[in-house]
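Visitor: Model the following, please.
(one chain, ligands or ions: 1)
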Amino acid sequence: MNDLVKRGAADIAREVRAKRISAAEVTEAALARVDEVDGRLGCYLTRLHDLARQCARRVDERVAAGDTLPLAGVPLAVKDNMCLTGTRTTAASKILENWIAPYTATAVQRMLDAGAVPIGKANLDEFAMGSSCENSALGVTRNPYDLKRVPGGSSGGSAAAVAAFEAAVGLGSDTGGSIREPAAFCNVVGFKPTYGRVSRYGLIAFASSLDQIGPLARTVEDAALAYDAMAGHDPMDSTSIDRAVEPAAASLREDLKGLRVGIVKEFVTAKLGPEIDALYKRAYQELADLGAELVEISLPTADYGLATYYLIAPAECSSNLARFDGVRYGLRVDGADVGAMYEQTRAGGFGPEVKRRILIGTYALSSGYYDAYYVKAQKARTMFAQDFRKAFERCDLIAAPAASSPAFEFDSKSDPYSMYMMDYYTIPMSLAGLPALSVPCGYAGEPALPMGLQLAAPLFEEAKLLGAAHAYERATGYAAKAAPAV
Ligand code: GLN
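Guide: Coordinates of the predicted model:
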């Protein structure tokens, strides 16, 4: 392996700007790494060798012309539910298997404008529905720390690519945990900004009131750099927030003095077994050792998170996915009449989990059930926001597990409910729209597998959140204590 691929985004960009290395060299090293290991890992659904070389050349030209690109030459994995002009954009679904994006998502464009180089389109659970990448209709992604295990999901391809040095930064999308959980499973940092902070324009919609794009990277600093490049208002997304963004990469700190960190009383880690319980207790103690004051807080609604999310997300998905009808995008299976064409296209194009969600969502939105399910879930969602608002009167940040276990083996979650349970700790923050991240916090199980500490902040306090996570990462350095198996 060429050592260039091990370098992080901040380091690469600095060296490329200083013309000590070229974007072209870094790109060749990343592409060679993809050729070397991606046959075994399956992070990418589409490799973008030609485009990457073109972009790298352009970056080198811009650097030569004096542009100070914050992400100059940084190899980037793009989750394949984000549009990139001229590239296959599948959402890991048969229904979009051969669809070529006619435009580029704002978040992706901003990364490219900042000098990032797209290496490939990364695997995901179909339409981002899942927690393991096993719902991808187009490929299997393996966890770089143990090839028998899943990388997490739904942004599993991006997380695994970053962990295995096939990219320095990945883009993910998080609706109920899809950046944080795969980050935890793959020993990388995964950051979901405040809802509305990063434009959703060009992100294939799953649940529009929850979907949020964010970065995965091997360090907090790299995630902060990517966030700074992407965040900010976009007139093309009507839910994008028009409010100044505090640069996060400039807010990294070395200690947590003066910060109160809330530990959620209802998140009883003893339920997760003695080893994981001890691991999270140690993580909280490490925060305290850095100067944080730990305070107990309460989220009385915590146990209603899954029920609330698994009504709202499917309801929105059933509406969003109505557009895949064989007429406008992707797959068409012809039938005797237009009705038969719709039916056969959707029956053949969507996988089982996507169909399950469409059925649940359609049911929850149907007349007679709407008030009992959808409206009630919306009311519960308001309660989550209130719970957090109250909790944040007593603390600056919240610490919690990112997932209840390390990466599991393929096919080990046989019923949908046990898969949904993976999101128990991440969904509350999603329902409240909060910024939250996962940072490596140690290893558990046999073999020892990575675990993630979740940190969450009040709305728009991304800089404070990333700043604190940086202090934790610097003091503990768990990610650096193990190397992926490839
Ligand atoms: N695992 C959750 C789901 O299946 C979350 C997915 C996501 O955040 N995109 O819906």
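
Visitor: Can you tell me the SS state at the residue of the stretch 251-400 of the chain found nearest the ligand?
Guide: Nearest to the ligand in the stretch 251-400 of the chain, going by CB to the nearest ligand atom, is Ala313, at a distance of 5.3 Å. C-betas here are computed from N, CA, C, even on glycine. Assigned with DSSP: H, G, I helix; E, B strand; the rest coil, Ala313 falls in the helix class.

Visitor: ok, it to Ser154 distance?
Guide: 12 Å (CB to CB, to the nearest Å).

Visitor: now swap in Asp38 and tell me
Guide: From Asp38 to Ser154 the distance is 19 Å (CB to CB).

Visitor: who's more crowded, the two?
Guide: Using other CB atoms under 10 Å as the criterion, Asp38 and Ser154 rank with Ser154 on top: 35 against 21.

Visitor: I'd say Ser131 and Pro151 touch.
Guide: No. Look at Ser131 against Pro151 with CB atoms under 8 Å: they stay out of range, at 10.4 Å.

Visitor: The two: which has the busier surroundings?
Guide: A count of neighbours by other CB under 10 Å puts Pro151 above the other of Ser131 and Pro151, at 33 against 28.

Visitor: shouldn't the more buried one be in contact with Ala160?
Guide: Yes. Between Pro151 and Ala160 there is a contact under CB under 8 Å: 4.0 Å.

Visitor: okay, and the common contacts of those two?
Guide: Applying CB atoms under 8 Å, 6 or more residues apart in numbering, one finds that Pro151 and Ala160 are jointly contacted by 43, 141-144, 182, 186.

Visitor: Counting neighbours, which of those residues comes out on top?
Guide: For the shared contacts of Pro151 and Ala160, neighbours tallied by other CB under 10 Å; top is Pro182, 40 neighbours.

Visitor: tell me which element that one falls in.
Guide: helix 180-186 (DSSP states H and E).

Visitor: How about that helix and the ligand, touching?
Guide: No. Using CB under 6 Å from any ligand atom, helix 180-186 stays clear of the ligand, with a minimum separation of 7.0 Å.

Visitor: In the shared contacts of Pro151 and Ala160, find the pair that's most separated.
Guide: With CB to CB as the measure, no two of the shared contacts of Pro151 and Ala160 lie farther apart than Arg142 and Pro182, at 12.3 Å.

Visitor: one step back: take the shared contacts of Pro151 and Ala160 and lay them out in JSON lines including pLDDT.
Guide: Shown next, in JSON lines, are the shared contacts of Pro151 and Ala160 (pLDDT from 0 to 100):
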{"residue": "Cys43", "pLDDT": "98"}
{"residue": "Thr141", "pLDDT": "98"}
{"residue": "Arg142", "pLDDT": "98"}
{"residue": "Asn143", "pLDDT": "98"}
{"residue": "Pro144", "pLDDT": "98"}
{"residue": "Pro182", "pLDDT": "98"}
{"residue": "Cys186", "pLDDT": "98"}
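
Visitor: shouldn't Cys43 be in contact with Ala160?
Guide: Yes. Taking contacts as CB under 8 Å, Cys43 lies within contact range of Ala160: 4.7 Å.

Visitor: Can you check which residues contact both of the two?
Guide: Contact criterion CB under 8 Å, 6+ apart; residues shared by Cys43 and Ala160: 141, 151, 166.

Visitor: What is the nearest of those to Arg346?
Guide: Thr141 (25.4 Å).

Visitor: roughly how far apart are the closest one and the ligand?
Guide: According to CB to the nearest ligand atom, to the nearest Å, Thr141 stands 15 Å off from the ligand.

Visitor: Specify the local secondary structure of that residue.
Guide: coil.

Visitor: So it is in contact with Asn123, correct?
Guide: Yes. Using CB under 8 Å, Thr141 makes contact with Asn123 at a distance of 4.5 Å.

Visitor: Identify the contacts common to these two.
Guide: What both Thr141 and Asn123 touch, as defined by CB under 8 Å, 6+ apart, is the set 42-43, 133, 156-157.

Visitor: Show me what residue of this structure gets nearest to the ligand.
Guide: Across the chain, the shortest distance to the ligand (CB to the nearest ligand atom) belongs to Ser178, at 2.9 Å.

Visitor: mind listing what the residue nearest to that residue when sequence neighbours are not counted touches?
Guide: Nearest-residue entry for Ser178: Ser154, 4.1 Å, with adjacent residues in sequence omitted and distances by CB to CB, 6 or more residues apart in numbering. Ser154 sits next to 124-125, 128-131, 133, 135, 172-173, 175, 178, 182 when contact means CB under 8 Å, 6+ apart.

Visitor: change it to 10 Å
Guide: 79, 81, 91-92, 123-133, 135-136, 172-179, 181-182, 206 (CB atoms under 10 Å, 6 or more residues apart in numbering).

Visitor: just the buried members of those residues?
Guide: 79, 81, 91-92, 123-133, 135-136, 172-179, 181-182, 206 (16 or more other CB atoms under 10 Å).

Visitor: My guess is Lys481 contacts Glu473. True?
Guide: No. With contact defined as CB atoms under 10 Å, Lys481 does not reach Glu473; the gap is 11.8 Å.

Visitor: Touching both of these two, which residues are there?
Guide: Pro440.

Visitor: out of these two, which sits in the busier spot?
Guide: Looking at Lys481 and Glu473 with other CB under 10 Å, you find the greater number of neighbours at Glu473, namely 23 against 13.

Visitor: sorry, back to before: how about the shared contacts of Thr141 and Asn123 in TSV, adding distance to Asp242?
Guide: Output for the shared contacts of Thr141 and Asn123, formatted as TSV (distance: CB to CB, whole Å):
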residue	distance to Asp242
Gly42	39
Cys43	35
Cys133	35
Gly156	33
Gly157	32
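
Visitor: Pick the one among those closest to Ala288.
Guide: In terms of CB to CB, no member of those lies closer to Ala288 than Gly156, at 32.5 Å.

Visitor: State the distance from that closest one to Lys6.
Guide: Using CB to CB, Gly156 is found at 21 Å from Lys6.

Visitor: More neighbours: which of these two?
Guide: Shown here are Gly156 and Lys6; by other CB under 10 Å, Gly156 has more neighbours (37 against 14).

Visitor: nearest residue to that one other than its sequence neighbours?
Guide: Counting by CB to CB, 6+ apart, Gly156 lies nearest to Cys133, which is 3.5 Å off, once chain neighbours are set aside.

Visitor: Return the distance of the helix holding Pro182 from the chain's centre.
Guide: Helix 180-186 sits 8 Å away from the centroid of its parent chain (CA atoms, centre = their mean, to the nearest Å).

Visitor: Distance from the chain centre to whichever helix or strand comes after that helix, please.
Guide: Per DSSP H and E, the first helix or strand lying C-terminal to helix 180-186 is strand 189-192. Here strand 189-192 is found 6 Å from its chain centre; the criterion is CA atoms, centre = their mean.
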